[in-house]
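Trainee: Provided below are the primary sequence and the corresponding predicted coordinates.
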Amino acid sequence: MELLQDRIKDNNNMCFGCSQANPIGLKLKFTLDGEICRTEFEAKEEHQGWNGYMHGGLIAALLDETMAWWLWFNDISIMTAEMTTRYSYGVPINTRLVVESWCEEVKRGRLYLMAGRIILPDGKVAVRANAKFMKTELK
Ligand SMILES: CCCCCCCCCCCCCC(=O)SCCNC(=O)CCNC(=O)[C@H](O)C(C)(C)COP(=O)(O)OP(=O)(O)OC[C@H]1O[C@@H](n2cnc3c(N)ncnc32)[C@H](O)[C@@H]1OP(=O)(O)O
């Protein structure tokens, strides 16, 4: 499947979530499967909060980035305006995670209501997020 990053020719990208050049970044790569944007990630020791589990703030960053990439892929430049995160299960380190996002609604042509989730290998949804993204003139 095509990686969305391959469509972007910007060697100055140092985004914490998706830059492949940021030495402390998550180095995420995304695909679009129908209406679902998806990435995979495996948290390591340096991503921990409590021992053995991924830090909640970094979990939110994973979800924020994956929702932002759905919009970016659809050629929409945005800023995150608001986000809520429901942590149902701890996210273990050294475990392959699937992160998905999709668009639920667009209000007034400018406010994008997005949703995302993190799925554990056994199929359980560990974390769900909802966010509002505001279209901007960043591009
Ligand atoms: C090229 C290299 C590749 C790079 C790839 C990168 C991939 C992506 C990576 C991305 C990384 C991940 C992404 C990140 O991490 S983005 C970084 C985190 N986010 C920010 O820093 C955002 C900071 N905030 C802002 O910039 C502004 O406040 C925004 C842009 C959000 C709005 O300021 P703006 O001045 O434009 O709008 P306004 O204040 O006049 O309001 C306008 C209308 O909107 C309504 N409203 C406002 N807020 C909300 C709300 N929460 N719910 C419902 N409604 C809301 C408001 O009431 C008003 O309504 P009305 O009065 O008209 O009826």
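Mentor: Done, it's in.

Trainee: How much space separates the residue of the chain most remote from its centre from residue 122?
Mentor: Residue farthest from the centre of the chain, counting by C-alpha atoms, centre = their mean, is residue 108 at 23.9 Å. Distance of residue 108 to residue 122, computed by C-beta to C-beta, to the nearest Å: 40 Å. C-beta coordinates here come from the backbone N, C-alpha and C atoms, glycine included.

Trainee: contacting residues around the most centrally placed residue in the chain?
Mentor: In the chain, the residue lying closest to the centroid (C-alpha atoms, centre = their mean) is residue 66, at 2.2 Å. Counting by C-beta atoms under 8 Å, 6 or more residues apart in numbering, residue 66 touches 28, 30, 37, 38, 39, 99, 100, 101, 116.

Trainee: Export these as JSON lines, with columns for pLDDT and neighbour count.
Mentor: What follows is the contacts of residue 66, written out as JSON lines (pLDDT from 0 to 100; neighbours: other C-beta atoms under 10 Å):
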{"residue": "28", "pLDDT": "97", "neighbour count": "21"}
{"residue": "30", "pLDDT": "97", "neighbour count": "24"}
{"residue": "37", "pLDDT": "98", "neighbour count": "27"}
{"residue": "38", "pLDDT": "98", "neighbour count": "20"}
{"residue": "39", "pLDDT": "98", "neighbour count": "22"}
{"residue": "99", "pLDDT": "98", "neighbour count": "24"}
{"residue": "100", "pLDDT": "98", "neighbour count": "19"}
{"residue": "101", "pLDDT": "98", "neighbour count": "26"}
{"residue": "116", "pLDDT": "98", "neighbour count": "26"}
